[in-house]
Each structure stands twice: as structure tokens, then as C-alpha cells.
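K.L.:
how does the following fold in three dimensions:
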Amino acid sequence: MKKNSMKIKLLLTLALSLIMLLFNINFYIASTKANTTSNDTYSRYGLLRENAILLDSNFEKITTLPPTYFVIIINETDFENYYRVTYLELTGIILRTHITRVNFEPVTKFHENVFFTAQNDTHPVNIRALPNSTAEIITAIPHNNQAFFFGQKNGEALITTHGSRWYFVRFLDGTVNRFGYVYSAQGIVDTIPPNIIQAVPNPPDNNNNLDPNTPPQRFDWIYIVLLSIPAIIVMFALFSKPKKDTDIDKEYADNYK
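P.N.:
Predicted coordinates:
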């Protein structure tokens, strides 16, 4: 009877120890998966496609944006089928189909050092609030001075033979940046080079290199087993029956016969 009782206790101890061991393994895998999948969540960067257009909140076109560069997504719920984004200093909305979300941070996000140079028969070039001749004049770019070039938008054809293309620019007027449109025939603009797309390297982290579906390695198994040993000891102590005083006295007497 005592032997059967001991067997039951031993089996219960082993079963509970096995449960604890499985719990530790599952906890390890879950924590590893959490570390690994953190980089797989939606990134806030969107790769611009051909003919991408930045709109204002009234769905009016602000400017085109150059393909192979990136917008930063700041909201995806305000407008159906659109993202709210930023590009350099510009904030607006863009069709979801005009970008491709990526799961990395790009090294080069925006184009740089691309300028519109005022060339208007030595006359200043007006920057207007809208691409037409009656729109508010925000400021003027002196002859041969430069303004940063973002993109373009069609508007009024000031000169029939030159078409209706206007450029959206940023001009440093003293200490203040001014934004607006200049007519394309009144200056020359640099070509925006294609972006060389590279990801910012992740800081070294061994956990992020683990496949969550890969079984724990040799040292990880040792760690898991070590975690389980205290549970085994506790379980054995709980289910082991202490000797009675009479049993101890009997054992003592037997030893000294």
C-alpha cells in the first residue's frame, strides 16, 4: 500500500514538473516571438510610387512628390483610402495606392539640394499662393536666386507656348521660409535624382535574429531546465510524507541492535 502511495506521489511530482517545464518553454518561445515580430509591425514609412500626389484636407492637389523617396505616415484613420503624411515640412493626405508601406527605416527619406533658379529676364519671380496670375503674391525670388523645389502642379498658362506647369517651392525670405507656386517658364529647375533605397541597420540584438519557430538552442534548454529544478524540488517536498517520530525511533533502534 505504501509503495503504491509513493508511486502515485512520484507520478504526480513528475507530471507537475513536466507541466512547469512546458510552461517555461512556451514562455521562452512567446517572449522570443514578441521580440522578433516587433520589427514586422506596420512601419510609418511609405515608398512613393510614380505620379504620387500630395493633397490638402479638402482633397486639392498641393504638389507631386518624387518616386523612390518616402513619406512619413502620421495617421491612417482620418480618411478612407488615404493616409495623412508628412514630406519634409509639408503635411497632407495621399492615396494609399500612391505609396507602398515598408517595414524598415530608409537611410534617405527625402530628396535634397534640388532647386528652382529664377531666370525671368533679370526680373524677380513671384511666388503665389495658387498657380494662377490672380492669386496672392507671397513673396518674390530675386533674379538668379534659388528656391527649394518640391514638385509641380498644373495651373494657368501664363504663356501659351510654355503650357500650364507651375512648381511648388520653398524660399528662404530673410529668416522665414515661404511656400508657394512659381511659373515654370520663369526659371529653371534641377532634376530630382532617383533615391538609392537603403535601410538603416538595426542595432545588434541576438533576440531579433531568432526564428520564433526554431526550437531553443542547447544553452537555452539548460536555462529552461534550471528554471524547472526549483519547481521539482517544491513539488517533491509537498507530496513527500514526513517520517513519524515512532518510525524514526524504530529506525534508530534497528541501527544499534
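
K.L.:
and what about the closest residue to residue 76 other than its chain neighbours, helix, strand or coil?
P.N.:
Distance criterion Cβ to Cβ, 6 or more residues apart in numbering; nearest residue to residue 76, sequence neighbours excluded, is residue 83 at 5.2 Å. Using the backbone N, CA and C atoms, a C-beta is placed for each residue, glycine as well. On the three-state scheme (DSSP: H, G, I helix; E, B strand; the rest coil), residue 83 is labelled strand.

K.L.:
so the closest residue in space to residue 79 that isn't next to it in sequence is in which element?
P.N.:
Excluding the flanking residues, the one nearest residue 79 by Cβ to Cβ, 6+ apart is residue 93, at 5.6 Å. Here residue 93, judged by DSSP states H and E, is contained in strand 90-95.

K.L.:
how much space between the residue nearest to residue 79 and residue 83?
P.N.:
Counting by Cβ to Cβ, to the nearest Å, the gap between residue 93 and residue 83 amounts to 7 Å.

K.L.:
then residue 150?
P.N.:
Distance, residue 150 to residue 83, by Cβ to Cβ: 18 Å.

K.L.:
neighbour count: those two, which is higher?
P.N.:
residue 150 (26 against 23; other Cβ atoms under 10 Å).

K.L.:
for the closest residue to that one other than its chain neighbours, pull up the helix or strand it's in.
P.N.:
With sequence-adjacent residues excluded and distances taken as Cβ to Cβ, 6+ apart, residue 150 is closest to residue 168, at 4.6 Å. In the assignment (DSSP H and E), residue 168 maps to strand 163-173.

K.L.:
next: residue 196.
P.N.:
Using DSSP H and E, residue 196 sits within no helix or strand.

K.L.:
where are the low-confidence patches of this protein?
P.N.:
Low-confidence segments of the chain, defined by pLDDT under 70: 1-42, 204-257.

K.L.:
can you pull out the strands in it?
P.N.:
45-48, 53-55, 61-64, 70-75, 82-87, 90-95, 99-102, 115-118, 125-128, 137-141, 146-159, 163-173, 176-183, 187-189 (DSSP state E).

K.L.:
most packed of the ones you listed?
P.N.:
strand 125-128 (a mean of 23; mean count of other Cβ atoms under 10 Å).

K.L.:
got the contact list for that one?
P.N.:
118, 135-141, 147, 169, 171, 178-183, 186-187 (Cβ atoms under 8 Å, 6 or more residues apart in numbering).
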